[in-house]
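[1] Pasting the sequence and the predicted coordinates here, then a few questions.
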Amino acid sequence: MDIYCNGAKEINISVTENILSKDDVQKLLSAFDAERKEINISFLQADILPQLLVERLYLAQREKLCNITVYKRYLYSYLYTLGIQSRFIVPKTNQLENIRKQNLDCKEDMNREEIEGFLQEVFFRYGYDYRNYEIGSIIRRIKVCMLRGRFKAFEEFKKNVLENSQSFEELFLDFSINITEFFRDPEVFETIKKDVFPHLSTYPQIRIWCAGCSTGEEPYSLVILLKEAGLLHKTRIYATDINPYVIEEAKNGLYAVSNLDNCINNYRNAGGEKNFLNYFELKGDYMKVREELQKNILFFQHSLIGSGIINEFQLILCRNVLIYFNQQLQQATIKYLHDSLDISGFLVLEKSSGILQCQGTRYFDYFDRNNKVYKRR
Ligand SMILES: C[S@@+](CC[C@H](N)C(=O)[O-])C[C@H]1O[C@@H](n2cnc3c(N)ncnc32)[C@H](O)[C@@H]1O
């Protein structure tokens with residue numbers, strides 16, 4: 001990280017890496033506290049920033065002239081969502097410079113075998129296994145990525161992804177669909193609260209797993225209901241996702257207030273008993289999850305594919321994740337989730353799920369058919 005001061009007037013900061021250590025965060029925070037009028041800060045490699053820094057950037061933009069430049073798309077949209085303006089610069093790679101800029105239409109028809117071979121190479125090169133994701137959705141995502149990178153031929157795109165980890169990162173983010181919200185499908189949360197919590201309450205210690213938790217709204221929704229049911233003090237929630245950036249966002253616990261009406265509606269429909277805003281600190285364009293709700297959640301990166309059992313849970317939520325897998329992978333994952341449950345544990349899948357199609361009945365019985373809540377066999 002480089003920090004240059006230009007007389008008493010301005011301070012220029014160039015952050016070259018992801019900010020990982022507390023020391024770096026402190027160094028940056030003290031630069032912000034300096035008396036200079038103007039601050040220019042560029043994030044060259046950072047994909048996501050720690051909570052303290054995000055909040056300081058927000059304040060800085062309101063207190064003084066603060067120009068932020070980012071080079072990573074993910075960070076740009078994260079800051080934008082929270083009301084922080086920044087300038088986004090698309091980095092130029094040698095490959096990109098060589099690409100013709102005219103015809104942006106990606107007309108190439110993709111051949112299934114070719115894509116499967118590519119996914120195999122991606123797995124060997126980067127360790128991320130997309131070989132058994134639903135192929136139609138993978139092809140659509142590759143096309144989006146090719147269009148954005150102005151690639152006309154798949155061969156050219158493939159070479160670029162395999163030779164350049166930055167390009168792989170772009171594709172990785174396109175593969176990762178992170179849509180979520182607080183109390184998504186509120187009737188499911190209502191069922192968990194009314195019908196599943198009474199079972200969980202009989203355990204001295206409760207272990208819950210949100211698998212594919214995205215940016216954290218799902219585990220925080222659960223925590224709110226657990227608190228209202230008086231169960232939070234004896235509960236530990238594991239919240240995991242394959243995507244490390246969404247995990248960092250989840251840890252930050254900062255959310256745009258633009259969605260507040262929807263959150264409040266969902267919370268009420270889920271049987272929430274208090275004021276939704278009691279659980280947050282309002283900070284202008286964003287709200288921050290109160291610390292007491294974060295204590296019982298362990299966020300970490302984890303893939304549902306090829307991993308060992310991480311614990312024995314009484315409740316697992318794995319919603320809107322299996323839909324991206326092909327049938328073979330769905331079956332393997334259902335078995336994996338079964339093996340990760342306590343003998344009488346519960347599994348909650350997305351409302352559109354058809355567990356019967358992937359032989360789930362070998363492992364599960366319906367507990368609430370409408371809301372896709374299952375009980376381990
Ligand atoms: C659409 S979001 C669902 C979020 C939340 N469960 C919900 O229903 O609102 C799907 C999440 O699954 C994650 N995901 C995809 N493949 C995964 C894998 N192999 N292991 C763990 N998470 C995965 C994605 O990164 C994404 O954050």
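    Great, that's in hand.
[2] Assumed residue 238 was part of a strand.
    Yes - according to DSSP: H, G, I helix; E, B strand; the rest coil, residue 238 belongs to a strand.
[3] neighbours of it, just the number please.
    Residues lying near residue 238 (other Cβ atoms under 10 Å) number 21. Bear in mind the C-beta positions are built from the backbone N, C-alpha and C, glycine included.
[4] Equivalent analysis for the one 5 residues further on, please.
    Residue 243 has 22 neighbours, counted by other Cβ under 10 Å.
[5] nearest spatial neighbour of it, skipping sequence neighbours?
    Leaving aside its sequence neighbours, residue 243 sits nearest to residue 176 (Cβ to Cβ, 6 or more residues apart in numbering; 4.6 Å).
[6] hang on, residue 115 packs against residue 140?
    No - under the criterion of Cβ atoms under 8 Å, residue 115 makes no contact with residue 140, lying 11.2 Å away.
[7] which stretches of the stretch 151-300 of the chain form helices?
    For the stretch 151-300 of the chain, the helices defined by DSSP state H, counting those that start in this stretch cover 154-163, 165-175, 186-191, 197-200, 217-228, 244-252, 260-269, 291-294.
[8] Looking at residue 115 and residue 140 now, which is surrounded by more residues?
    residue 115 (18 against 13).
[9] and the more buried one, helix, strand or coil?
    With three-state DSSP as the basis, residue 115 sits in helix.
[10] Residue 22 and the ligand: what is the separation?
    27 Å (Cβ to the nearest ligand atom, to the nearest Å).
[11] I should have written residue 121 there, sorry.
    Distance of residue 121 to the ligand, given as Cβ to the nearest ligand atom: 18 Å.
[12] Spatially, which residue comes closest to that residue, not counting chain neighbours?
    Counting by Cβ to Cβ, 6+ apart, residue 121 lies nearest to residue 162, which is 5.8 Å off, once chain neighbours are set aside.
[13] give the contact list for residue 90.
    For residue 90, the contact set (Cβ atoms under 8 Å, 6 or more residues apart in numbering) comprises residue 71.
[14] Which of the helices or strands spans it?
    Of the helices and strands defined by DSSP states H and E, none includes residue 90.
[15] Return the distance of it relative to residue 210.
    Note on residue 90: its distance to residue 210, by Cβ to Cβ, to the nearest Å, is 34 Å.
[16] Below-threshold pLDDT in this protein: ranges please.
    Residue ranges of the chain with pLDDT under 70: 1, 3-8, 36, 91-109, 356-359.
[17] Which residues lie in contact with the closest residue to residue 9 other than its chain neighbours in this structure?
    Take residue 9 and drop its neighbours on the chain: the residue closest to it by Cβ to Cβ, 6+ apart is residue 37, 5.8 Å away. Counting by Cβ under 8 Å, 6+ apart, residue 37 makes contact with 8-10, 64-65.
[18] picking up where we left off before, would you turn the helices of the stretch 151-300 of the chain into TSV with mean neighbour count and distance to residue 375?
    Output for those, formatted as TSV (neighbours: other Cβ atoms under 10 Å; distance: least, Cβ to Cβ, whole Å):
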stretch	mean neighbour count	distance to residue 375
helix 154-163	18	42
helix 165-175	18	32
helix 186-191	20	13
helix 197-200	16	9
helix 217-228	23	18
helix 244-252	22	28
helix 260-269	16	24
helix 291-294	14	28
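[19] do you know which of those helices lies nearest residue 337?
    Proximity of those to residue 337 was assessed by Cβ to Cβ; the nearest stretch is helix 217-228, lying at 15.5 Å.
[20] Counting by contacts, list what that closest one packs against.
    Judged by 3 or more Cβ pairs under 8 Å, 6 or more residues apart in numbering; DSSP states H and E, the packing partners of helix 217-228 are helix 186-191, strand 206-211, strand 235-241, helix 291-294, strand 297-301.
[21] Need those in a markdown table (columns: distance to the ligand).
    Shown next, in a markdown table, are the helices and strands packed on helix 217-228 (distance: least, Cβ to the nearest ligand atom, whole Å):
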| stretch | distance to the ligand |
| --- | --- |
| helix 186-191 | 9 |
| strand 206-211 | 6 |
| strand 235-241 | 5 |
| helix 291-294 | 17 |
| strand 297-301 | 9 |
